[in-house]
Structures are given as C-alpha cells and as structure tokens.
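Asker: Any chance you could fold what I've pasted below:
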Amino acid sequence: MNKLLNISIVAFFLVLIYGCSSHSYISNKENKLVNELQKKTDTIYSFSSTDLTLLWYYEEDNLYSILIRPFKTKKYKAVRSKNIPLRKEDIHKYFDTSLTKDVPCFHNALDGTFIEVYIKNQKTLYSGIDRECLFDNKYEQNSFPYKLQYDFSKIFRPEGYYFEDMYPNNR
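Answerer: Purely as a prediction, here's the structure:
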C-alpha cells in the first residue's frame, strides 16, 4: 500500500511538471514566432487550446500556417487563398472585453479555447471561442466568423465541416 502511494505521488508530480512545461513551451514558442513573423506581416491569427496553438498569416495571396504542440512545431505548405480583412465593427463586436459581452460562439474566457489577433504596433485582440459552435452556424459573408471558417477550411478541414457546402455561392 505504501509503495502504491509513493508511485501515485511521483506520477502526480511528473504529470504536473510535464503539463506546466509543455504549456510554457507552447506559449514561449508562440511569442517567439509572432515576434519573428511580424517583421514580414502586419496581422497574425492564433487559435489556442490547452495542448496546441495554430498560428496563421497571409503573405500576398498565400496562407501560411504553423502548428505548435508540446515540444513540436510544424510549418505547413502555403495555400493559395484570399485574405478576408477584419472589419472595424467586427473588432468591437467579437473582441469586446466587457463583462456584458453576449455574442454566440465568442465569449470572455480565461481558459479553454481562444482566438487572438496580433496586429503590428497595436493591442492584441483576444476572445474565447466555442469552436464547435463556430462551425455549426452560418455567418454573414466577410464577417470575422466567416473569415475564421474560411481560413480553417484552407488550413485543415475540421471533421464534418465543409465550407463549400455551407456557402455554395462562394466556391
């Protein structure tokens, strides 16, 4: 019994140490990449969950993306894509940091999945996001959620989601 307790305690601390170090790795790697990328692009998007961060940005007509996982970073090949610019009204709506924010799929959050937009020489935009909710809804063309759906469909296909089926006129 005493041996089992000792093994359990050691396992608990190993999980705690690994979990903290992997989160720290992802965060540090993201910050380093954002600083490096902002030398060549003005806007970088970041989707983060507890165990990964996806960075993407546009350069000319190409979409570049980088996946950061604990102790592993993968750069994907560029994809030809149109860059849908952020609208000012979307910035105020989706990135509202007040406690009264009530936007479906976009919430104030301290933990969980979230989206960040790094704009060169400006304050970073931040919002919690319900990814499942995002892909279950249709949005106004060229709105921020529409842009997210489009970008994600170009980077990787979320399971069961087909941008072309949701927006057949935008093929």
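
Asker: Now do the residue most central in space within the chain against residue 116, distance only.
Answerer: Centroid check for the chain by CA atoms, centre = their mean gives residue 47 as the closest residue, at 0.5 Å. Counting by CB to CB, to the nearest Å, the gap from residue 47 to residue 116 is 8 Å. Using the backbone N, CA and C atoms, a C-beta is placed for each residue, glycine as well.

Asker: Walking through this structure, point out its helices one by one.
Answerer: 2-37, 88-94, 131-136, 144-155, 163-166 (DSSP state H).

Asker: buried sites along the third one?
Answerer: When burial is assessed from 16 or more other CB atoms under 10 Å, helix 131-136 yields the following buried residues: 131, 134, 135.

Asker: same deal with the last one?
Answerer: The neighbour-count check on helix 163-166 (16+ other CB under 10 Å) flags 163, 166 as buried.

Asker: I'd like the mean pLDDT over it, please.
Answerer: What helix 163-166 shows for mean pLDDT is 88.

Asker: Check stretch 24-44 too.
Answerer: pLDDT averaged over stretch 24-44 gives 90.

Asker: circling back: can you tell me which of the helices of the chain is packed in deepest?
Answerer: Most buried of the helices of the chain, by mean neighbour count (mean count of other CB atoms under 10 Å): helix 144-155, with a mean of 20.

Asker: Distance from the chain centre to that one, please.
Answerer: Mean-position distance between helix 144-155 and its chain equals 11 Å (CA atoms, centre = their mean, to the nearest Å).

Asker: contacting residues around that helix?
Answerer: 45, 47, 54, 56, 63, 65, 76, 79, 81, 84, 86-87, 90-91, 93-94, 105-106, 115, 134-135, 137, 139-140, 158, 161-164, 166-167 (CB atoms under 8 Å, 6 or more residues apart in numbering).

Asker: Now for residue 44: which residues touch it?
Answerer: 34, 37, 38, 55, 56, 57, 117, 118.

Asker: hmm, back to that, pretty sure the residue nearest to the centre of the chain contacts residue 112?
Answerer: No. Taking CB atoms under 8 Å as the definition, residue 47 is not a contact partner of residue 112, at 11.7 Å.

Asker: Number of residues surrounding the nearest residue to residue 59 once chain neighbours are set aside?
Answerer: With CB to CB, 6 or more residues apart in numbering as the criterion, residue 59 has its nearest non-adjacent residue at 5.8 Å, and that residue is residue 41. Residue 41: 13 surrounding residues under other CB atoms under 10 Å.
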